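A.B. asks: just the structure for this:
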Amino acid sequence: PSGSTIVGDDDSKIVFVNWGDTGGKIEASISSTCGSSSLFLDVLVEPPLVQERVLENFDDEALVEFDRSDGIYQPDVDNPSPAGINASALVGRYSRNSGSTFDVLRYNVQRTTMGNATLFENGTKRFYLDLYTDAPIGTKIILQLENSSFSIPTNYPTGRHSRYEAVTTLQNDWERLEFAYLDSPDPGVSDIAIDWIVLLFAPDTQSGNVYHIDNLDIYAPGSTVSSTNLETAAPKAFSINPTPANNTIVVENLTNRTFEGYRLMDLQGREVLREPLSFGPFQSRTIDVHHLPSGTFLLMPLHDSTYHKSIHKVIISR
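C.D. replies: Predicted coordinates for the structure are as follows:
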C-alpha cells in the first residue's frame, strides 16, 4: 500500500517492511527453472492503543471488586521488586491453590464499566496486566468474561462469554502481559451483560505458585473510534451491497465456513442488531435495516476464532 517501503533484508531470506500506518497485501513473485509462482500475505496494521480504564492498581479506587478465589488473595501488599518496570508501592498477591485444577480469582464488575464485549473479541480493545511470579516461563494466564446469572463452577461453558490468554516470558521479574482473544465458550451470553472478570493462573494444572499482580487495565484505540480505523485489513468474511444502503442490505458469506450469525454495531460500540441464525458457506442473506438511522455501522460475524477481527463497514443513507 501507499507509504510502505522495504527497509532491508537478510540475504534475501527475510524482508523487512515499514508499513507506516496502513495495512495491505505483500506479494512475492518467485521464478526458477521449475516455473513461476506468486505468494500473497495480508498485513493488518492496528491503530495504537492507549489506556482507557484502570480496573485495579491497588493505589487508587478500583473499578472491580474482589468476589471469591480458590487460592489466597491478598490486596495491598508490598511490591516485591519496585525497581523493575512496575514501581508501584502496593500490589496484589495471589497464592494459587495447588489442590484446584482450575483455580479461580474472580472480580465483580459493573456492566457499564465493561460496555460491549464484542470490542474485546474483535481486538479493538485489549486487557493488560502487570505480573511478577515464581512460576516457570511459559505459564498460561487466562482472563475470562462471565455473566453471574448463568455461570456456576460446575456448568462450564455456560455463562462464559469469552476467554483471553497471555503467556509469561519472565520469572521473578515484572512484565506487562497483553491478553489475546482465545475463544467464546458460550455464544448465548449477551455482549452487554458481563459482570464477572475471572483470572485463571496456570489452568489445568495443580501448581501452587505465587503471583503478584498490578495494573489490570483496558486499552482502546488512541483516536476517536471511527469507521476508518475499525474496518480492518483482516481476511474478509462478507461482502455487503448496496453501499450506501436504504432499507435493506444483502450480505454474502465469502468463505467456506458456517457462521453462527452476525451482529451490527454503531460507532459507539452499541449492538443495534443481532442475527444468531446459521449462515452457511457462500450463502447470501437480506438484512432489514429500515429501523436504523442514517449513519455508519460495523458488521461482523458472531463468535468465530478465524474471522473475529473481520469488520465490515455498513453505510445507511436516506
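A.B. asks: quick one: low-confidence ranges for the protein?
C.D. replies: Within the chain, the stretches with pLDDT under 70 are 1-23, 41-42, 44-47, 222-235, 268-271, 303-309.
A.B. asks: rerun at 80
C.D. replies: Low-confidence segments of the chain (pLDDT under 80): 1-30, 39-50, 83-85, 222-236, 260, 266-271, 274-278, 302-311, 318.
A.B. asks: neighbouring strands - and their directions - for the lengthiest strand in it?
C.D. replies: Identified as the longest strand of the chain according to DSSP state E is strand 210-221. Strand 210-221 has the following sheet partners, assigned by DSSP bridges: strand 49-56 (antiparallel), strand 90-95 (antiparallel), strand 126-133 (antiparallel).
A.B. asks: pull the CA atoms of the shortest one into CSV?
C.D. replies: When you say that, I think you mean strand 90-95. Extracted in CSV, the C-alpha atoms of strand 90-95 (Å, rounded to 0.1, in the frame of the first residue of the first chain):
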residue,chain,number,x,y,z
LEU,A,90,1.4,-1.6,46.6
VAL,A,91,0.3,-4.6,44.5
GLY,A,92,-1.9,-7.7,44.9
ARG,A,93,-0.6,-11.1,45.9
TYR,A,94,-2.2,-14.4,44.9
SER,A,95,-1.1,-17.8,46.1
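A.B. asks: quick one: buried residues of it?
C.D. replies: Buried residues in strand 90-95, counting neighbours by 16 or more other CB atoms under 10 Å, are found at 91-95. The way it works is simple: take the backbone N, C-alpha and C, and place the C-beta from them, glycine included.
A.B. asks: show me what it is in contact with.
C.D. replies: Contacts made with strand 90-95 from outside it, assessed by CB atoms under 8 Å, 6 or more residues apart in numbering, are listed as 56, 58-59, 69, 71-80, 105, 130, 132, 199, 201, 208, 210-214.
A.B. asks: all helices for the stretch 51-200 of the chain, in order.
C.D. replies: Secondary structure of the stretch 51-200 of the chain (DSSP state H, counting those that start in this stretch): helices at 111-114, 118-121.
A.B. asks: closest to Gln283 out of those helices?
C.D. replies: Counting by CB to CB, Gln283 lies closest to helix 118-121 out of those; the figure is 22.4 Å.
A.B. asks: fine, thanks again, bye for now.
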